[in-house]
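In: All I have is the shape, not the residue letters:
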Ligand code: 26Q
């Protein structure tokens, strides 16, 4: 077959699939096999064929400097389709399955998403894994193999209800359990085992196969035999359950709600296992010498969640390897880089000193030591006592994880230009003055494999045809060369025909999954992301309701037929976010059931938004809604996925939106609302009431929260939303931005009517998206932070 990694023939692949069906499921005839059985058999047959390249890559990397991504989250999504693309075997396997009378789509669709993350930060980690392998750089991912990923979401009567995510129910054919590489983790009163599960990250058309190593927690002793014999079954299993709890479930939260014991145990479990693993290999390679540790390894901390790695590395070096404390600290200062993903104050992690003492007293001791060394340094530099307070790692009996990270790390980075500037100028300004050399920007990116080549095969084929090769998949800057077709009507038509195909496919899928019919000829205006007040789904909802009332008043209003689509999960304990879900579902019900209006507009809130749903939504969008309060969205990466698939951004001047419009030009996007500097100016005497009183349209829609227009099942949740806007100061400036939003959306409607000009806007977005490849981002991290370089597995 044509795949780069293997010289497998079609007949061999068929034989392998049939063999796995036989030994795994006892089926001698593929016609009797269930979809999940075929999925597993195909996956195992492919895995079998890459094991050799995987092992040689690992060996090769061991001799070089490596970087490690430490992340509590990896939002991987499905593996099969992506791996087939990387192996260059997608069409071949499609054919093979067809010969068995099986539709490859059905086999892809049976795969559960690996949803081991909440949102952007977890998906970024997944994109980075893909890019590092494709760029052939020695980056390994370390994380936790949660038995349950992010919860599943359903709507019942418009309310969000959650369900456990059992992603392993059909098995996990893309991972290998490496029992022989387990390590022991010591808590103060508990000892557990960490078992690595390795997943191959296949470089695109490359023989480099990187590794994502996820740890599962298991007990040291399976169960207490004597207690079991005495029929004390629960007690006999107590230790096992306590251990397994550690890797049982991903915390569904994207702000630090409150210190949770189990979450802290998870964090320590992750970093202790990973560092022990790295040090074990290092000692083997370097004859037990650890003095060159920082020469050979860089560890990137994905936000503060893995920051306990800092004291843990020092603990291992000092307590287990007999190194001097100051030397261990010095080495650590050459190992860690820290990425900040948020400026929301409530998301900055702080852990109670007593909690840390209770779980791992030695780690607390080490943190205290670091803190006092740091204080001495500041005193010597002449900082006042008051100034030192702000930098302290321990303050008020709380350990501030970001402070620990910034002090020890040699590099601190933000995730988009605006975000890094805010860190430097305001949020972390004092740190920036202290260590200007540490601060860097690394604008996020997305992998073009999953977010174009896989999810939009039609557009990929067109691009390949126009560019004459598939090189763009590995070098996305090549898209710029397409600009010469921006006035070519024939090409633009092909481009928009593809958009129409993707819209029809989405409409079909939504019909099947949500039971709602939408028109692929309508404008698809899409907002998909985690539910958060700062992301302002509520503003979008209020706007849509306003449009509905305007249409009722004026049925002949000149707007194109429009479909508003939402996708978002609300953290289960975040009541306001759940209220917003319910409110938008109520708006959708009102509009979709109104025969006068539903021929002009519809609203769909899709259930259980996740990576695999996203792959259907991004290619089908006409408008990408990115409307966060300026200054609050660190970067955003969904915005880039829309852009790459040819969708103009409708948004505020925030996060990476700023760079998106810089690349694809103002006239191809729709930017509205307050900017960071405007908010700075008005925030001290901002009065939402003023906007409410002076704009009838706004008043009308806000009043629906309290006048009985909508039913919140007597929860009072709509009134709470009302209060958040009018009684609690409208923290996120919805009212101030309503008017600008409305005017900008009117501009969209107008622009959409000119089909040719619209097509050009979309096309130019694709042409200029090259810079947002995570390949570019990964090379920047490699060059500017990690000091690692590509090494090709030949
Ligand atoms: C922290 C403590 C306790 C429990 C949970 C958490 C927690 C979990 C997840 C805190 C934050 C997160 C996730 C944050 C996140 O996804 N941030 C997003 O990161 C993206 C990648 O850089 C950016 O593009 C987004 O702008 C940013 O919101």
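Out: Arrived safely, thanks for sending. All values derive from a computational prediction rather than experimental measurement.
In: what about the strands in the stretch 301-450 of the chain?
Out: Applying DSSP state E, counting those that start in this stretch to the stretch 301-450 of the chain gives strands spanning 336-339, 350-352, 394-395, 398-400, 411-414, 439-441.
In: biggest strand in the chain, by residue count?
Out: When the chain is parsed with DSSP state E, its longest strand is strand 190-202.
In: How far does the next helix or strand along the chain from that one sit from its chain's centre?
Out: Counting by DSSP states H and E, the next helix or strand C-terminal to strand 190-202 is strand 209-219. Centroid separation for strand 209-219 versus its chain: 19 Å, with CA atoms, centre = their mean, to the nearest Å.
In: which secondary structure elements does strand 209-219 contact?
Out: Where contact means 3 or more CB pairs under 8 Å, 6 or more residues apart in numbering; DSSP states H and E, strand 209-219 is packed against helix 35-62, strand 74-77, helix 120-134, strand 139-144, strand 190-202, helix 238-246, helix 261-285. C-beta: built from backbone N, CA, C; applies to glycine.
In: now the residue of the chain found nearest the ligand: how far from residue 533?
Out: Using CB to the nearest ligand atom, residue 120 is the residue of the chain that sits closest to the ligand, at 2.9 Å. Distance of residue 120 to residue 533, given as CB to CB, to the nearest Å: 16 Å.
In: pretty sure residue 404 is in contact with residue 370, am I right?
Out: Yes. Counting by CB atoms under 8 Å, residue 370 is a contact partner of residue 404 at 6.9 Å.
In: Which residues are in contact with each of the two?
Out: 310, 311, 393 (CB atoms under 8 Å, 6 or more residues apart in numbering).
In: what number of residues lie near residue 750?
Out: Using other CB atoms under 10 Å, residue 750 has 12 other residues around it.
In: Put together CSV for the strands of the stretch 301-450 of the chain, with distance to residue 765 and mean pLDDT on each row.
Out: Shown next, in CSV, are those (distance: least, CB to CB, whole Å; pLDDT from 0 to 100):
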stretch, distance to residue 765, mean pLDDT
strand 336-339, 27, 98
strand 350-352, 40, 96
strand 394-395, 46, 98
strand 398-400, 40, 97
strand 411-414, 24, 98
strand 439-441, 23, 98
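In: With mean neighbour count as new columns, can these be given to me in TSV?
Out: Listed next are those as TSV, based on neighbours: other CB atoms under 10 Å:
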stretch	mean neighbour count
strand 336-339	25
strand 350-352	20
strand 394-395	18
strand 398-400	22
strand 411-414	24
strand 439-441	17
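In: With distance to the ligand as added columns, please give these in TSV.
Out: Listed next are those as TSV, based on distance: least, CB to the nearest ligand atom, whole Å:
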stretch	distance to the ligand
strand 336-339	7
strand 350-352	10
strand 394-395	18
strand 398-400	13
strand 411-414	9
strand 439-441	12
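In: can you pull the buried residues of whichever strand or helix holds residue 639?
Out: Element membership of residue 639, judged by DSSP H and E, is helix 638-644. When burial is assessed from 16 or more other CB atoms under 10 Å, helix 638-644 yields the following buried residues: 638, 639, 640, 641, 642, 643, 644.
In: can you check stretch 283-300 too?
Out: Across stretch 283-300, burial judged by 16+ other CB under 10 Å covers 290, 293, 294, 296, 297, 298, 299, 300.
In: ok, and what's touching that stretch?
Out: Identification of contacts with stretch 283-300 by CB under 8 Å, 6+ apart yields 62-63, 65-70, 278-279, 282, 309, 317, 321, 323, 331-339, 781, 785-788.
In: just stretch 463-482 next, same as before
Out: Residues outside stretch 463-482 that contact it (CB under 8 Å, 6+ apart) are 134, 204-205, 448-449, 452-453, 460, 485, 491, 763, 766-773, 775-776.
In: of residue 120 and residue 533, who's got more company?
Out: Ranked by neighbour count (other CB under 10 Å), residue 120 and residue 533 place residue 120 first, with 24 against 21.
In: is it true that the more buried one touches residue 341?
Out: Yes. Applying CB under 8 Å as the test, residue 120 and residue 341 come out as touching, 7.3 Å apart.
In: so can I have CSV of the shared contacts of residue 404 and residue 370 showing neighbour count and distance to the ligand?
Out: Formatted as CSV, the shared contacts of residue 404 and residue 370 follow (neighbours: other CB atoms under 10 Å; distance: CB to the nearest ligand atom, whole Å):
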residue, neighbour count, distance to the ligand
310, 29, 17
311, 27, 18
393, 24, 17
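In: circling back: hey, what's the angle from the longest strand of the chain to strand 139-144? Just curious.
Out: If you take axes from the mean of the first three to the mean of the last three CA atoms, to 10 degrees, strand 190-202 sits at 140 degrees to strand 139-144.
In: re earlier: tell me the one of the shared contacts of residue 404 and residue 370 nearest residue 511?
Out: Nearest to residue 511 out of these is residue 310 (CB to CB; 51.2 Å).
In: mind checking how far that closest one is from residue 427?
Out: 21 Å.
In: before we move on, what about residue 666?
Out: Taking CB to CB as the measure, residue 666 falls 28 Å from residue 427.
In: Neighbour count for those two, which is higher?
Out: Using other CB under 10 Å as the criterion, residue 666 and residue 427 rank with residue 427 on top: 20 against 9.
In: Apart from its chain neighbours, what residue comes closest to the one residue sitting closest to the centre of the chain?
Out: Residue closest to the mean C-alpha point of the chain, counted by CA atoms, centre = their mean, is residue 123 at 2.4 Å. Residue nearest to residue 123 in three dimensions, not counting chain neighbours: residue 75, with 4.2 Å by CB to CB, 6 or more residues apart in numbering.
In: Count the neighbours of that neighbour for me.
Out: By other CB under 10 Å, the residues close to residue 75 number 26.
In: my guess is it contacts residue 117, does it?
Out: Yes. Taking contacts as CB under 8 Å, residue 75 lies within contact range of residue 117: 3.3 Å.
In: Mutual contacts of the two, please.
Out: Counting by CB under 8 Å, 6+ apart, the contacts common to residue 75 and residue 117 are 123, 125, 126, 150.
In: Could you export these to JSON lines, including columns for pLDDT and distance to residue 215?
Out: Below are the shared contacts of residue 75 and residue 117 laid out as JSON lines (pLDDT from 0 to 100; distance: CB to CB, whole Å):
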{"residue": "123", "pLDDT": "98", "distance to residue 215": "20"}
{"residue": "125", "pLDDT": "99", "distance to residue 215": "15"}
{"residue": "126", "pLDDT": "99", "distance to residue 215": "17"}
{"residue": "150", "pLDDT": "98", "distance to residue 215": "18"}
